[in-house]
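Participant: Make a model of this:
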Amino acid sequence: MIQKLALKSADSSGGSLVVVLDFVRRIDEVESFVKTKMTMMQVHVDAMDKKIESEVGGLRRELSDKIEENAGEKLGELGPWNF
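Facilitator: Numbering: from 1, shown residues only. Next up, the predicted model:
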């Protein structure tokens with residue numbers, strides 16, 4: 001798309017085709033660079049997401065165990081009122 005716009009502007013303004021092709025080449029390089037960096041960032045985000053999920057899962061299990069333990073103690077304190 002950018003190449004078409006650049007070529008049209010070169011034709012209409014009488015600009016040099018070499019300059020336009022260099023401009024298009026630079027844009028392609030930047031697009032490639034951005035795509036590569038975005039892919040790398042996505043890999044890091046996915047890794048961090050898995051790490052966070054693992055940590056949260058561990059904390060949930062730990063909290064659940066503590067709740068069950070405390071609930072058992074409180075029910076034991078009720079004595080004969082234990083249902």
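
Participant: From here on, just use CA atoms for contacts and neighbour counts.
Facilitator: Fine.

Participant: Kindly state the pLDDT recorded for residue 74?
Facilitator: We have a pLDDT of 74 for residue 74.

Participant: Number of residues surrounding it?
Facilitator: 12 (other CA atoms under 10 Å).

Participant: OK, contacts around the most centrally placed residue in the chain?
Facilitator: In the chain, the residue lying closest to the centroid (CA atoms, centre = their mean) is residue 45, at 4.0 Å. Residue 45 makes no contacts at all, as judged by CA atoms under 8 Å, 6 or more residues apart in numbering.

Participant: which residues of this protein fall in helices?
Facilitator: Taking DSSP state H, the helices of the chain run over residues 2-13, 17-77.

Participant: one step back: from residue 31, how far out is the residue nearest to the centre of the chain?
Facilitator: 21 Å (CA to CA, to the nearest Å).

Participant: Also residue 56?
Facilitator: Going from residue 56 to residue 31 by CA to CA gives 37 Å.

Participant: got it, and residue 18?
Facilitator: 20 Å.

Participant: Over to residue 17?
Facilitator: In terms of CA to CA, residue 17 sits 21 Å off from residue 31.

Participant: cool, and residue 41?
Facilitator: For residue 41 relative to residue 31 (CA to CA), the value is 15 Å.

Participant: any idea which of the helices of the chain scores lowest on pLDDT?
Facilitator: For the helices of the chain, mean pLDDT drops lowest on helix 2-13, to a mean of 57.

Participant: Thanks a lot, see you next time.
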